[in-house]
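>>> generate a structure from the sequence data that follows.
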Amino acid sequence: MGKVGGANPLSRLFCLNQFDMKNLEVLEKKIGLKFRNKNLLREALTHSSFAKENNSRASEAIKDNERLEFLGDAVLEMAVSELLYQGFDRKEGELTLLRTKLVEQGQLVLLAEDLNLAQYLLIGKGVKLEGRARNYLLANAFEALTAAIYLEQGFEKSKLFINKIITPYLQKWIKSSTIKNAKNDLQELTQETLRCLPEYRLVEESGPAHNRNFIVSVSLKNKEVGRGEGKSKKEAEIIAAQKALSKLTSRKQ
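Next comes the predicted model:
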């Protein structure tokens, strides 16, 4: 179907019996689910620009995926929250930071790319899948697809789908600098908003040499904003920074 960034041949009058069912079947195999209601799957892949361009000529109203985006956002957050709660014995602040990273737009774009969703989207003639617009459309399409799975087969199946596609990224983040960049993120945030740098202090060090435990606090303008505990000073600082970030970002909302 349409190529990313090029002319979109999908901007045409759309009826279900004209849809490329073979391509839909490929997507269903990637998802691991067979849709009984093909109209619902079609709706999840239909951008409002396509619906607006073609509704005046359609025999029946073409629905776009905006309402599904709304529902999918909630389903996605609930499924990821349960995944993190069940799989990781961590404090609330750490779980919140992980969840935020797992459901942010950049991550949803990666998930959409894993499914090659760009090849299935129905978009208007004046819309190109490029740059920020591309990321926005792909992230929204993934949310809409999540909602469609939820409506079609219930929360358990949608949760299995989300867990399967998102777990590899979660495992990478646990081990990589993506999560461990909390100290850098905190420093950038505080420099920009508070014009100060975080200060880390070793509060406590305990345990035998082979199994040390560290507690570190992080302060802004002499006020403690987070405290972390870990098997190394560095790990404790990272957790303290994560908690501080969670606290500071929740105040903004």
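>>> show me what contacts Glu152?
33, 35-37, 40-41 (Cβ atoms under 8 Å, 6 or more residues apart in numbering). No exception for glycine: its C-beta is placed from N, CA and C like everyone else's.
>>> at 6 Å what do you get?
By Cβ atoms under 6 Å, 6 or more residues apart in numbering, the contact list for Glu152 reads 35, 40.
>>> how far away is it from Arg227?
Counting by Cβ to Cβ, to the nearest Å, the gap from Glu152 to Arg227 is 45 Å.
>>> give me the residue at the spatial middle of this structure.
Val103 (2.3 Å; Cα atoms, centre = their mean).
>>> now do the nearest residue to Phe88 once chain neighbours are set aside, the pLDDT please.
Of all residues not flanking Phe88 in the chain, Leu95 sits nearest, at 6.7 Å (Cβ to Cβ, 6 or more residues apart in numbering). If you check Leu95, the pLDDT there is 78.
>>> following the chain onward from the helix or strand where Leu95 lies, which element is next?
Secondary structure from DSSP states H and E places Leu95 in helix 92-103. Later in the chain than helix 92-103, the nearest helix or strand by DSSP H and E is helix 105-114.
>>> buried residues of that next one, list them for me.
Residues of helix 105-114 classed as buried: 107-109, 111-112 (neighbour count, 16 or more other Cβ atoms under 10 Å).
>>> name the helices or strands packed onto it?
helix 131-175 (3 or more Cβ pairs under 6 Å, 6 or more residues apart in numbering; DSSP states H and E).
>>> just how off-centre is the helix it packs on within its chain?
Chain-centre distance of helix 131-175: 7 Å, with Cα atoms, centre = their mean, to the nearest Å.
>>> wait, doesn't Glu43 sit right on Asp64?
No. Applying Cβ atoms under 6 Å as the test, Glu43 and Asp64 come out as separate, 7.3 Å apart.
>>> Gln86 is in contact with the residue nearest to Phe88, correct?
No. If you go by Cβ under 6 Å, Leu95 and Gln86 don't touch, sitting 10.9 Å apart.
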